[in-house]
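K.L.:
next come a sequence and a model predicted from it.
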Amino acid sequence: MKPAGDTEDRKTWTFLTNHARVLISIARFPDIRIRDIADEIGITERAAQLIIADLEDAAYLTRHRVGRRNTYSIDPARPFRHPAEADHDVRALIAIFAGHDVDTADDAAIQDAGGHDSSPSPLRGP
């Protein structure tokens, strides 16, 4: 019989979902490749691609095409999806884990004439 606190039989779990981890990775590196997101989080490229699509559909992310690469901007004013946390936005989550001072984020991602994101932050304000 194993001790009650033995973690060998316990299911591995974390407090953050893969969706949160993808959002944080993109907040850290707005031009990160899907392959690098997958490697960083420990998921498949296809799973990362599907999560990015979910985040785009829910308006947490906006994808910008720059040449052959994508770059992303995040709307930190979007609320958490679960009703219990819906009165909070993702701004604090990003600030804690990505290290951005999201209170100083631009009101919108600013695009220069060449289509490149010229804002100092990958985050869009409310």
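P.N.:
Right, received. Where do you want to start? Since this is a predicted model, take the numbers as computed values, not measurements. Numbering: from 1, shown residues only.
K.L.:
quick one, helices of the protein?
P.N.:
18-28, 34-41, 45-57, 91-98 (DSSP state H).
K.L.:
need the pLDDT of the most centrally placed residue in the chain.
P.N.:
Among the residues of the chain, the smallest C-alpha distance to the mean C-alpha position (Cα atoms, centre = their mean) belongs to Leu23, namely 0.7 Å. We note a pLDDT of 97 for Leu23 in this prediction.
K.L.:
what's the distance between it and Tyr72?
P.N.:
The span separating Leu23 from Tyr72 equals 9 Å under the rule Cβ to Cβ, to the nearest Å. The way it works is simple: take the backbone N, C-alpha and C, and place the C-beta from them, glycine included.
K.L.:
what touches both of these two?
P.N.:
By Cβ atoms under 8 Å, 6 or more residues apart in numbering, Leu23 and Tyr72 have these common neighbours: Leu61.
K.L.:
show me the shaky parts of this protein.
P.N.:
Residues of the chain that meet the criterion pLDDT under 70 lie in 1-9, 100-126.
K.L.:
ok so, going back, mind listing what the residue nearest to the centre of the chain touches?
P.N.:
Neighbouring residues of Leu23 by Cβ under 8 Å, 6+ apart: Leu55, Tyr60, Leu61, Ile74, Val90, Leu93, Ile94.
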